[in-house]
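Peer 1: build me a model:
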Amino acid sequence: MSYLEYNARTVPTGFRKLLHVNWPIVFLLSAVACAGFLMLFSVAGGNGALWMEPQVKRFALGMASMMVVAMVPIWFWRNMAVVAYLGSLLLILGVELIGSTGGGAQRWIELGGFRLQPSELMKIGIVMLLAAYYDWLPTHRVSHPFWILVPLVLILLPNKLLTLSLCAL
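Peer 2: Residues are numbered from 1 along each chain as shown. This is a model prediction of the structure:
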């Protein structure tokens with residue numbers, strides 16, 4: 001039985017989840033970001049629209065996204081881990097077929113006016129899949145060499161695909 005299933009009754013739902021957000025970390029993150037915004041404002045010579053304003057917008061979008069992700073039930077993310085991993089693998093393979101070149105490397109996929117780098121999505125997919133794997137794995141098997149091979153293959157597979165696609169260029 002996983003930790004998640006064992007503690008399912010104690011997991012808050014709805015707006016009660018906002019009370020369980022680690023607010024000191026959110027405030028500390030915001031304080032550090034504000035220091036960065038001030039640095040950008042200073043470097044731009046008092047012109048906030050030059051560098052600071054776009055960064056503030058990105059930070060606000062990131063914070064809003066973080067809150068949305070935090071409100072989604074954890075079981076959903078655990079169940080979507082395999083989908084995220086496989087989808088990222090397909091996107092990495094898709095770079096070879098429909099990828100665009102930028103900075104001398106073919107690592108992006110053009111989606112209209114948006115450039116997607118599948119390796120960045122793979123980082124999230126690997127973490128999600130490894131968390132789901134270790135949630136499923138009984139604790140007495142965690143350090144057994146055979147059960148460590150599975151995460152090694154999951155980690156090395158995208159790396160090998162990226163290496164093969166770079167060698168094909």
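Peer 1: wait, Ser92 touches Asn159, no?
Peer 2: Slight slip there: residue 92 is Ile, not Ser. No: using C-beta atoms under 8 Å, Ile92 and Asn159 do not qualify as a contacting pair, with a distance of 9.9 Å. For glycine as for every other residue, the C-beta is placed from the backbone atoms N, C-alpha and C.
Peer 1: out of these two, which sits in the more crowded spot?
Peer 2: Each of Ile92 and Asn159 has its neighbours counted (other C-beta atoms under 10 Å); Ile92 has more, 24 against 13.
Peer 1: for that one, which three-state class applies?
Peer 2: Under the three-state scheme (DSSP: H, G, I helix; E, B strand; the rest coil), the conformation of Ile92 reads as helix.
Peer 1: check it and give its pLDDT.
Peer 2: Note on Ile92: pLDDT of 87.
Peer 1: give me the nearest residue to it, chain neighbours excluded.
Peer 2: Spatially, and ignoring its direct neighbours in sequence, Ile92 is nearest to Pro118 (4.7 Å; C-beta to C-beta, 6 or more residues apart in numbering).
Peer 1: and if you look at Val69?
Peer 2: Trp77 (8.0 Å).
Peer 1: for Ala49, see how far away the one you found is.
Peer 2: Taking C-beta to C-beta, to the nearest Å as the measure, Trp77 falls 37 Å from Ala49.
Peer 1: out of those two, which sits in the more crowded spot?
Peer 2: Set side by side, Trp77 and Ala49 show unequal neighbour counts under other C-beta under 10 Å, the larger going to Trp77 at 14 against 9.
Peer 1: correct me if wrong: that one contacts Gly125.
Peer 2: No: in terms of C-beta under 8 Å, Trp77 does not count as a neighbour of Gly125; the distance is 11.2 Å.
Peer 1: elements contacting the helix or strand hosting Leu61?
Peer 2: Of the helices and strands defined by DSSP states H and E, Leu61 is found in helix 52-71. Here helix 52-71 touches helix 16-19, helix 23-43, going by 3 or more C-beta pairs under 8 Å, 6 or more residues apart in numbering; DSSP states H and E.
Peer 1: what's the offset of the last one from the middle of its chain?
Peer 2: Mean C-alpha position of helix 23-43 versus that of the full chain (C-alpha atoms, centre = their mean, to the nearest Å) differs by 21 Å.
Peer 1: now swap in the shortest one and tell me
Peer 2: Average the C-alpha atoms of helix 16-19, do the same for its chain, and the two points are 22 Å apart (C-alpha atoms, centre = their mean).
Peer 1: quick one: mean pLDDT for that helix?
Peer 2: 83.
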